[in-house]
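Visitor: need a 3D model of the sequence below.
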Amino acid sequence: MLSVQPDTKPKGCAGCSRKIKDRYLLKALDKYWHEDCLKCACCDCRLGEVGSTLYTKANLILCRRDYLRLFGVTGNCAACSKLIPAFEMVMRAKENVYHLDCFACQLCNQRFCVGDKFFLKNNMILCQTDYEEGLMKEGYAPQVR
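Guide: This is a model prediction of the structure:
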């Protein structure tokens, strides 16, 4: 967001072509915009909010969610096998990808958060308790992540 200097000639808005007489204007993609004119081509959300990011492809200006929905890569959850939309947050363990709700110990269903310790055995996610119980019974040693 730029502050308009009083001695500056008003700039034309790339969205509506009218002169920008507001106190503030936006500069994006080397063009100037009214705050209300810089919007996602799909959902019309305002992209001029502080901290928001815009994406552009195929002559479209898009918010992150719509960009990923249209052009992102989707995959399947390693736990439930259901589709994971490209815009959804995920958890990863080696080459496996999980819905946040599915990222849990596959024996006791204890859910993990970012930074929690978990163990892998034969592509199974285990909590520390189940890992140690299995270690006592079978003597296996999954990789710590």
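
Visitor: domain parsing for the chain?
Guide: What the TED database lists as the domains of the chain is 39-71, 75-137.

Visitor: where does Lys9 land on pLDDT?
Guide: The score at Lys9 is 71. That number is its pLDDT.

Visitor: any idea how far stretch 68-86 is from the middle of the chain?
Guide: 12 Å (C-alpha atoms, centre = their mean, to the nearest Å).

Visitor: gap between the two ends of that stretch?
Guide: For stretch 68-86, the first and last residues are 6 Å from each other (C-alpha to C-alpha, to the nearest Å).

Visitor: mind listing what's buried in that stretch?
Guide: In terms of neighbour count (16 or more other C-beta atoms under 10 Å), stretch 68-86 has its buried residues at Leu68, Arg69, Leu70, Cys77, Ala78, Ala79, Ile84, Ala86. No exception for glycine: its C-beta is placed from N, CA and C like everyone else's.

Visitor: what's the local residue count around Glu132?
Guide: If you count neighbours by other C-beta atoms under 10 Å, Glu132 ends up with 12.

Visitor: this structure: helices as residue ranges?
Guide: In the chain, the helices defined using DSSP state H lie at 64-71, 128-138.

Visitor: how close does the closest residue in space to Ala78 that isn't next to it in sequence get to Phe118?
Guide: Distance criterion C-beta to C-beta, 6 or more residues apart in numbering; nearest residue to Ala78, sequence neighbours excluded, is Asn96 at 3.7 Å. For Asn96, the distance to Phe118 (C-beta to C-beta, to the nearest Å) stands at 12 Å.

Visitor: ok, these two, which is more surrounded?
Guide: Neighbours were counted for Asn96 and for Phe118 using other C-beta under 10 Å; Phe118 has more, 20 against 17.

Visitor: tell me the contacts of the more buried one?
Guide: Ala93, Cys105, Phe112, Ile125, Leu126, Cys127, Gln128, Arg145 (C-beta atoms under 8 Å, 6 or more residues apart in numbering).

Visitor: can I assume the first one is in contact with Leu120?
Guide: Yes - applying C-beta atoms under 8 Å, one finds Ala93 in contact with Leu120, separated by 6.1 Å.
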